[in-house]
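S.K.: Give the three-dimensional model of this entry:
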Amino acid sequence: MAEKDFLVDFTQLDFDNPVARIEDIRKINPQRHEMEQLSAVVWIDHEEIAAVGYKDITASDFWVRGHMPGMPLMPGVVMLEAIAQLCSFVTQKLDLLGCEMVGFGGLEEVRFRDPVVPGDRLILMCRKDKVRRGRMIVCRFQGAVGDRIVLEGVLKGVPIPIEALTKYRIKEEPQS
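M.R.: Next up is the predicted model:
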């Protein structure tokens, strides 16, 4: 697809100088270990509420060994987790919902266009459609590898009631 089809013109961005690296992402997003699906955030537009990030896909990613052995295709659900983590990062960084944590609220119009495999950089883009503070954020998203759109759709994020979930919290083990 042509550049004009992308939500953001990421060809003009500096991927070597992200605005948030993994250490910065961990300060905002709770995912750890195998569930960290966002390598860096490259750009955030505070006015339009849009962002670009990426996930570098490696042969050591947790799904490679078991998801179609010999032909490792990144599972669609993992691609959606990666975009959800970008949307959540931006929502929390800009305090758009006024909550402690954002979770999946729903997906619409999701399409997978091309495979993502080890060695690829999955470029993630999101742009806010609407926000209802305290209730929901709706973002249009795309994922690209090179100049190809590989996934697209609409994601809804909702506040997670942390207080109600505290009895289920497990003490985190130290990271190695």
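S.K.: give me every residue that touches the residue most central in space within the chain.
M.R.: Nearest residue to the geometric centre of the chain (C-alpha atoms, centre = their mean): Ile83, 2.5 Å. Going by C-beta atoms under 8 Å, 6 or more residues apart in numbering, Ile83 touches 124, 126, 141, 143, 151, 155. From N, CA and C alone the C-beta is placed, and that goes for glycine too.
S.K.: quick one: which of these is nearest to Arg32?
M.R.: Leu124 (18.8 Å; C-beta to C-beta).
S.K.: that older thread, just say helix, strand or coil for the residue nearest to the centre of the chain.
M.R.: Following DSSP: H, G, I helix; E, B strand; the rest coil, Ile83 is assigned to helix.
S.K.: Against Thr166, how distant is it?
M.R.: 28 Å (C-beta to C-beta, to the nearest Å).
S.K.: Now the helix or strand containing Asp129: buried residues?
M.R.: Secondary-structure element containing Asp129, defined by DSSP states H and E: strand 121-132. Neighbour-count burial for strand 121-132, counted by 16 or more other C-beta atoms under 10 Å, picks out 122-128, 131.
S.K.: Closest to Leu96 out of the residues you listed?
M.R.: Proximity of the buried residues of strand 121-132 to Leu96 (C-beta to C-beta) peaks at Val131, which lies at 5.2 Å.
S.K.: hang on, isn't the closest one packed against Leu97?
M.R.: Yes. Val131 is within contact range of Leu97, at 7.2 Å (criterion: C-beta atoms under 8 Å).
S.K.: hey, what's in contact with both of these two?
M.R.: With C-beta under 8 Å, 6+ apart as the test, Val131 and Leu97 both reach Ile137.
S.K.: of all the buried residues of strand 121-132, which comes closest to Val116?
M.R.: Distances from Val116 to the buried residues of strand 121-132, taken by C-beta to C-beta, are shortest for Leu122, at 5.4 Å.
S.K.: and the spatially closest residue to that closest one that is not a sequence neighbour, what is it in contact with?
M.R.: Nearest non-adjacent residue to Leu122, counting by C-beta to C-beta, 6 or more residues apart in numbering: Lys55, 4.6 Å away. Neighbouring residues of Lys55 by C-beta under 8 Å, 6+ apart: 37-39, 82, 121-122, 124.
S.K.: Just the closest of these to Asp147, please.
M.R.: Out of these, the member with the shortest distance to Asp147 (by C-beta to C-beta) is Arg121, at 12.2 Å.
S.K.: all strands of this structure, in order?
M.R.: 40-45, 50-56, 102-112, 121-132, 136-145, 148-159 (DSSP state E).
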